[in-house]
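Undergrad: Need a 3D model of the sequence below.
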Amino acid sequence: MKIGIYGGSFNPPHLGHLKMAQYMQRQLGTDKILIIPSNISPQKSDNGNIDPVHRINMCRLAFSDPVFSVTDMEIKRGGKSYTVDTLSEIRKEYHNAELFLFMGSDMLLSFGSWYKPDKISEMCTICAVSRDSGETAAKMREYAENEISGKVIILDKPPYELSSTLVRQRLLSGEDCSDILCGEVINYIKENKLYGQQ
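TA: Numbers count the residues shown, from 1 in each chain. Below is the predicted model:
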């Protein structure tokens with residue numbers, strides 16, 4: 001069994017997240033993808049003071065296909081969400097599964113600063129998507145070869161590039177976000193008055 005692991009703050013989960021997960025599922029042929037909203041990301045200063053329950057609920061709306069399974073394991077665990085702890089927890093449930101850890105180019109290029117990176121690369125195959133197919137992809141390949149001990153797969157350019165920061169800015173300015181968020185997530189944000197919505 002092949003399991004993809006896609007973690008992040010998902011603040012909010014947008015179409016870029018969904019399309020990246022779908023793209024990686026097609027490329028790798030994973031049987032299941034675990035969507036794991038972080039409690040407190042070690043790579044980010046905060047999650048914009050959005051209650052984790054809201055981020056979990058929005059993920060369940062955004063990732064509705066049966067191939068996706070949204071889990072609150074990091075939020076339940078509390079504290080900083082270290083990937084090595086999450087992988088250990090997943091390994092207990094899926095003993096013989098092949099694990100693929102999804103990440104973007106920025107995360108890959110800072111992988112050496114993560115908590116216990118060697119242990120992480122022992123437990124899974126790192127699968128990273130470059131933000132462009134030129135210079136960034138070349139940097140990623142060089143970094144992976146020289147700095148990461150385990151197996152790394154690098155895929156060129158996902159079909160849809162978007163940042164949560166931009167999404168939040170557009171929401172706060174009152175812009176139409178139907179091109180970057182699924183309708184169910186937009187309705188949830190409005191109903192719960194998140195990101196400055198009235």
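
Undergrad: going forward, measure contacts between C-alpha atoms and count neighbours the same way
TA: Noted.

Undergrad: just the helices in this protein please.
TA: 15-28, 52-62, 73-77, 83-93, 105-109, 117-123, 135-147, 164-172, 183-191 (DSSP state H).

Undergrad: got those as a markdown table, with mean pLDDT and distance to residue 34 columns?
TA: Below are the helices of the chain laid out as a markdown table (pLDDT from 0 to 100; distance: least, Cα to Cα, whole Å):
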| stretch | mean pLDDT | distance to residue 34 |
| --- | --- | --- |
| helix 15-28 | 92 | 10 |
| helix 52-62 | 96 | 11 |
| helix 73-77 | 94 | 10 |
| helix 83-93 | 96 | 9 |
| helix 105-109 | 91 | 18 |
| helix 117-123 | 96 | 16 |
| helix 135-147 | 89 | 24 |
| helix 164-172 | 93 | 19 |
| helix 183-191 | 97 | 19 |
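
Undergrad: Can you check which of those gets nearest to residue 7?
TA: Nearest of the helices of the chain to residue 7, taken as Cα to Cα: helix 83-93 at 8.5 Å.

Undergrad: Serialize the helices of the chain to a markdown table and add fields for mean neighbour count and distance to residue 8.
TA: As requested, the helices of the chain are arranged in a markdown table below (neighbours: other Cα atoms under 10 Å; distance: least, Cα to Cα, whole Å):
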| stretch | mean neighbour count | distance to residue 8 |
| --- | --- | --- |
| helix 15-28 | 18 | 9 |
| helix 52-62 | 20 | 10 |
| helix 73-77 | 16 | 10 |
| helix 83-93 | 15 | 10 |
| helix 105-109 | 18 | 11 |
| helix 117-123 | 17 | 16 |
| helix 135-147 | 15 | 20 |
| helix 164-172 | 15 | 10 |
| helix 183-191 | 15 | 17 |
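
Undergrad: Can you convert those into JSON lines and add a column each for distance to residue 1?
TA: Output for the helices of the chain, formatted as JSON lines (distance: least, Cα to Cα, whole Å):
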{"stretch": "helix 15-28", "distance to residue 1": "12"}
{"stretch": "helix 52-62", "distance to residue 1": "23"}
{"stretch": "helix 73-77", "distance to residue 1": "20"}
{"stretch": "helix 83-93", "distance to residue 1": "12"}
{"stretch": "helix 105-109", "distance to residue 1": "24"}
{"stretch": "helix 117-123", "distance to residue 1": "15"}
{"stretch": "helix 135-147", "distance to residue 1": "25"}
{"stretch": "helix 164-172", "distance to residue 1": "31"}
{"stretch": "helix 183-191", "distance to residue 1": "30"}
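
Undergrad: No further queries at this time; thank you.
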